[in-house]
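Colleague: generate a structure from the sequence data that follows.
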Amino acid sequence: MASEVENNGVGVEAERADPQRMPRSVQVGLFVLLGLIISGSLYLLAVRGDALLADLAAVAALICG
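Modeller: Numbers count the residues shown, from 1 in each chain. As a prediction, the model looks like this:
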């Protein structure tokens, strides 16, 4: 009874159980997608850096008036 109170009613087996994790294939897929997004943004920045800054300035001018 005392052990159940200390564990908030959770059995010892539930405490030892591993937490649910994302499947390895989903985790790898997300890392690949993130890598592609970052590499694509670095490529655009390297190739069209000045044009991107000009476009951002134009969008800011439209928003701010």
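
Colleague: the host helix or strand of residue 47 - what's its average pLDDT?
Modeller: Using DSSP states H and E, the element containing residue 47 is helix 24-64. The average pLDDT within helix 24-64 is 89.

Colleague: and that helix, how far from the chain's centre?
Modeller: 15 Å (CA atoms, centre = their mean, to the nearest Å).

Colleague: just checking, what packs against it?
Modeller: If you count contacts as 3 or more CB pairs under 8 Å, 6 or more residues apart in numbering; DSSP states H and E, helix 24-64 packs onto no helix or strand. (Glycine included, C-beta is placed from N, CA and C.)

Colleague: now residue 50: how far from residue 40?
Modeller: 18 Å (CB to CB, to the nearest Å).

Colleague: who's more crowded, those two?
Modeller: residue 40 (10 against 7; other CB atoms under 10 Å).

Colleague: and the gap between the more buried one and residue 63?
Modeller: 25 Å.

Colleague: repeat for residue 23
Modeller: Using CB to CB, we find residue 23 at a distance of 41 Å from residue 63.

Colleague: and residue 34, by the same measure?
Modeller: 28 Å.

Colleague: who has more neighbours out of those two?
Modeller: Legend: neighbour count by other CB under 10 Å for residue 34 and residue 63, higher for residue 34 (10 against 7).
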